[in-house]
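K.L.:
Structure of the sequence below:
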Amino acid sequence: MKRRSTQLIHPDTSRAKSEGAVKTPIYASSTYLFESAEAGAATFALQQGRPVDHEPAPFNYARLGHPNLETVEAQLLAVEGGQAGVHDALAFESGMAAITTTLLSLLKPGSVLVTTTPLYGGTRQFIRDFLEPWGLRTYALQPSSTAEQVLKDLDGRIPSILYVETPANPTNQIWDWKLLKDLKTSWGSSGQRVILLADNTYLGPCWQKPLELGADISLYSATKSMSGHSDLICGACVGDATLIRSICSWRNKLGNTASPFTAWLLSRSLETVELRMQATQRNAQILVPRLREHPGIQRLEYPGSGAMISIWLNGPENRNNAWKFLNALKIIQLAVSLGSNESLACHPASTTHSGVDPEERKQHGIGEPLLRLSIGIEDPEDLWEDLLNALDAANER
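P.N.:
Model (predicted):
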């Protein structure tokens, strides 16, 4: 069996590359030929879960599948460490498409959704503005929560989904996987299946394997470390093959399948994901101890691996102080997103999490002093000088 690094360059697909091309070309076709009417009928029957009495065609319509999608989904399965036949993978046109499609496919009005806190702002807003008005009951888990206490608070209703972000965006809060697995097991002992979904965007597929830790599905904004080049928007989910089939059906209906060009770009990026993530982690681990000792920083959270650093500045707790820091940066780019080759910095309270209720932000430490740093592959000494200059600017009174 090929090892992961080899699979990312040579994914397991049944299709030969066109005209002997070393790289899979971009298949810019919206529709695909059938060898016969019988093959066309069989293809749609297979996709709709009906009996098939003829060999189906490999593809029919690009919203439902295409060669670039087949290639990148094989790579996604490989990078996540999934087992063919047990697990499967899907690519979407954005990370939020992956998250919303997964939730919509697995929930229904009246279901209970338990989440860790905090969550990425876009996810939290989807839950608040769509799922809750849609008739969904939600519950915010606390680190001290017990299975019994949650059920008591929910009047005995069993959660359908436990949705996890660890480390959490943007604070790097870590949740104990043993606690999460124990909650799932306890609630599932009633006979109702409890599905554990993990948004693994923040740490990325090289430093944490949620499927190995007890998750049923790993979710990603593949825009981030999987892409790493800040040149595409894409999402992914990898996990239990039965659940993936249901999610795929919803992806087909909602029409947010990754396009050939999106899939091709992500496929290119996944070939180097391990090398890039190793480089960004090396830089982050050089900078973290220096930042911890700087008097301009009152608090720093770093999970020990990955490229994401959360810092809380000393000084007046207002956004002007944080903005002076950000405006002084010259090498680190002032932009949202993360996991890119270039280092990025943002102020979550006024950007990525500005749509979250202010009291909720305050409860989870997403205040004015918090800055989110995504460390890239630049020279670490240049990054350190840039951070020192920004800290000096923030401390000027």
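
K.L.:
Please make it C-alpha for all contacts and neighbour counts, starting now.
P.N.:
Fine.

K.L.:
and P316, how many neighbours?
P.N.:
14 (other C-alpha atoms under 10 Å).

K.L.:
so which strand or helix has it?
P.N.:
Using DSSP states H and E, P316 falls within no helix or strand.

K.L.:
do you know how far it is from A215?
P.N.:
When distance is defined by C-alpha to C-alpha, to the nearest Å, P316 is 41 Å away from A215.

K.L.:
residue ranges of the helices in the stretch 1-150 of the chain, please?
P.N.:
With DSSP state H, counting those that start in this stretch as the criterion, the stretch 1-150 of the chain has helices at 4-9, 37-47, 67-80, 95-106, 121-126, 147-153.

K.L.:
Turn those into JSON lines, including mean neighbour count.
P.N.:
Formatted as JSON lines, the helices of the stretch 1-150 of the chain follow (neighbours: other C-alpha atoms under 10 Å):
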{"stretch": "helix 4-9", "mean neighbour count": "18"}
{"stretch": "helix 37-47", "mean neighbour count": "17"}
{"stretch": "helix 67-80", "mean neighbour count": "24"}
{"stretch": "helix 95-106", "mean neighbour count": "20"}
{"stretch": "helix 121-126", "mean neighbour count": "17"}
{"stretch": "helix 147-153", "mean neighbour count": "14"}
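
K.L.:
can you put these in a markdown table and add distance to C234 and mean pLDDT?
P.N.:
Below are the helices of the stretch 1-150 of the chain laid out as a markdown table (distance: least, C-alpha to C-alpha, whole Å; pLDDT from 0 to 100):
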| stretch | distance to C234 | mean pLDDT |
| --- | --- | --- |
| helix 4-9 | 17 | 87 |
| helix 37-47 | 23 | 91 |
| helix 67-80 | 11 | 96 |
| helix 95-106 | 6 | 98 |
| helix 121-126 | 15 | 96 |
| helix 147-153 | 34 | 95 |
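
K.L.:
residue boundaries of the strands in the stretch 201-350 of the chain?
P.N.:
Remark: strands assigned in the stretch 201-350 of the chain by DSSP state E, counting those that start in this stretch are 217-221, 235-240, 297-301, 308-313, 333-334, 344-346.

K.L.:
For A335, which of the helices of the stretch 1-150 of the chain is the nearest?
P.N.:
Ranking the helices of the stretch 1-150 of the chain by their distance to A335 (criterion: C-alpha to C-alpha) puts helix 121-126 first, at 15.5 Å.

K.L.:
Which neighbouring elements make contact with that closest one?
P.N.:
helix 95-106 (3 or more C-alpha pairs under 8 Å, 6 or more residues apart in numbering; DSSP states H and E).

K.L.:
Relative to T138, which of the strands of the stretch 201-350 of the chain is closest?
P.N.:
strand 217-221 (19.2 Å).

K.L.:
Would you map out the domains in this protein?
P.N.:
4-27+62-271, 274-395 (automatic domain parsing).

K.L.:
Just the terminal-to-terminal distance for the last one.
P.N.:
The distance separating the two terminal residues of domain 274-395, taken as C-alpha to C-alpha, comes to 37 Å.
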